[in-house]
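> Here is the input, now give the coordinates:
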Amino acid sequence: MYHQITPRTLPTFRKYAVTPKAFAAQMDWLSRAGYVTINLDALLSYRSDQGMLPSRPVIITFDDGFQDCIEHAVPVLHSHGFTAIFYLEAGLVGTTSRWLLPERGVELPLMDWTAARRLQAAGFQCGSHAMSHPRLSELSAAVCHDELLRSRQLLEDNLGHQVEHLAYPFGSFNETVRAIVAETGYRSACSVRIGLSTADDDPLALPRVPVSGQDSLLDFICRLRTARSCGEFMRGKVRTLLRHWHSGGAQAPR
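Here you go, the predicted model:
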């Protein structure tokens, strides 16, 4: 899960902004390690026993549709023969990330419809990030339905292609939202729950592996295997060992 790829990282958005140099190193490593990018259609087909996957499949996702990704991510992906999906706010295409102003104090340019159509022509996918990047679980059912349905319709009208994949803005969803997602015709929905995806996952609540702008290449490699950075992984191991130690001490005979 990526957001912005840019050489101009802002302090308030540093967590979500990966530099082109770091992104290129990550994609080089993926390629050398034998990973093959697939799309969500291939994943869903495989999990319904209707297709095959390579031995090391990976899905690369970009939330928000930042213009910088066109310039700095797409050429790198193309050079490796990689595909990816870009989740767009249908009502904000060609404008700015206005939802970030109260959240992070910044507004960043978003790709326009021409760029999105070029992405599709180059073999990439475009998915929905709703109309305006709201927290869907905080909306009424009617407004949520409108956000999700109108986003699909607007994307399909402008891209000339069926749109069946969603990423929840802010990762915000609940059972009501999930039901509306299914009702409005989406076949997959990505959350921001951290984890490697398994065959048991709900296709409308898929976990993802976040890539932070503060990650080293070693962190990136660790995330591919564990979904966590090196530091997060080691801290988790230490907490587990401490829990076992305390539990064993509590049960030891006196």
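> so where's the protein uncertain?
233, 236-238, 240-242, 244, 246, 248-254 (pLDDT under 70).
> Identify the residues contacting Asn174.
By Cβ atoms under 8 Å, 6 or more residues apart in numbering, the contact list for Asn174 reads Ser137. Every C-beta, even on glycine, is put in place using the N, C-alpha and C of the backbone.
> how far away is it from Glu138?
Counting by Cβ to Cβ, to the nearest Å, the gap from Asn174 to Glu138 is 10 Å.
> now Leu110
22 Å.
> Can you show me the strands along the protein?
4-5, 17-18, 36-37, 57-58, 61-63, 85-88, 125-128, 165-167, 188-194, 206-208 (DSSP state E).
> Which of those strands sits closest to Tyr46?
strand 57-58 (8.4 Å; Cβ to Cβ).
> Remind me what the closest one packs against, helices and strands.
strand 36-37 (3 or more Cβ pairs under 8 Å, 6 or more residues apart in numbering; DSSP states H and E).
> where along the protein do the helices fall?
For the chain, applying DSSP state H gives helices covering 20-32, 40-47, 67-72, 74-79, 100-104, 113-121, 141-159, 175-183, 217-226, 230-251.
> Let me have those helices in a markdown table, adding mean neighbour count and distance to Gln4 as columns.
Shown next, in a markdown table, are the helices of the chain (neighbours: other Cβ atoms under 10 Å; distance: least, Cβ to Cβ, whole Å):
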| stretch | mean neighbour count | distance to Gln4 |
| --- | --- | --- |
| helix 20-32 | 16 | 10 |
| helix 40-47 | 17 | 21 |
| helix 67-72 | 19 | 6 |
| helix 74-79 | 16 | 13 |
| helix 100-104 | 13 | 10 |
| helix 113-121 | 16 | 15 |
| helix 141-159 | 18 | 21 |
| helix 175-183 | 17 | 25 |
| helix 217-226 | 17 | 16 |
| helix 230-251 | 11 | 21 |
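> that older thread, looking at Leu110 and Glu138, which is more packed in?
Leu110 (22 against 12; other Cβ atoms under 10 Å).
> Tell me how far Gln26 lies from Val181.
For Gln26 relative to Val181 (Cβ to Cβ), the value is 30 Å.
> scratch that, Met1 is what I was asking about
18 Å.
> what do you get for Gly195?
With Cβ to Cβ as the criterion, Gly195 and Val181 are 19 Å apart.
> swap in Gln4?
Counting by Cβ to Cβ - Gln4 and Val181 are separated by 25 Å.
> try His133
His133 is 16 Å from Val181, by Cβ to Cβ.
> Please apply the same query to Arg187.
Distance from Arg187 to Val181, by Cβ to Cβ: 9 Å.
> and stretch 125-138, how far apart are its ends?
For stretch 125-138, the first-to-last residue distance is 28 Å (Cα to Cα, to the nearest Å).
> wait, stretch 80-95
Rule used - Cα to Cα; the end-to-end distance of stretch 80-95 is 30 Å.
> ok, residues contacting stretch 147-162?
So stretch 147-162 is contacted by 88-91, 93, 113, 116-117, 120, 126, 128-132, 134, 136, 139, 163, 166, 180-181, 184-186 (Cβ under 8 Å, 6+ apart).
> Which among these count as buried?
88-90, 93, 113, 116, 126, 128-131, 134, 136, 139, 163, 166, 180-181, 184, 186 (16 or more other Cβ atoms under 10 Å).
> Now render the helices of the chain as a markdown table, adding distance to Asp201.
Output for the helices of the chain, formatted as a markdown table (distance: least, Cβ to Cβ, whole Å):
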| stretch | distance to Asp201 |
| --- | --- |
| helix 20-32 | 21 |
| helix 40-47 | 8 |
| helix 67-72 | 26 |
| helix 74-79 | 24 |
| helix 100-104 | 28 |
| helix 113-121 | 26 |
| helix 141-159 | 20 |
| helix 175-183 | 13 |
| helix 217-226 | 17 |
| helix 230-251 | 21 |
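> All set, thanks.
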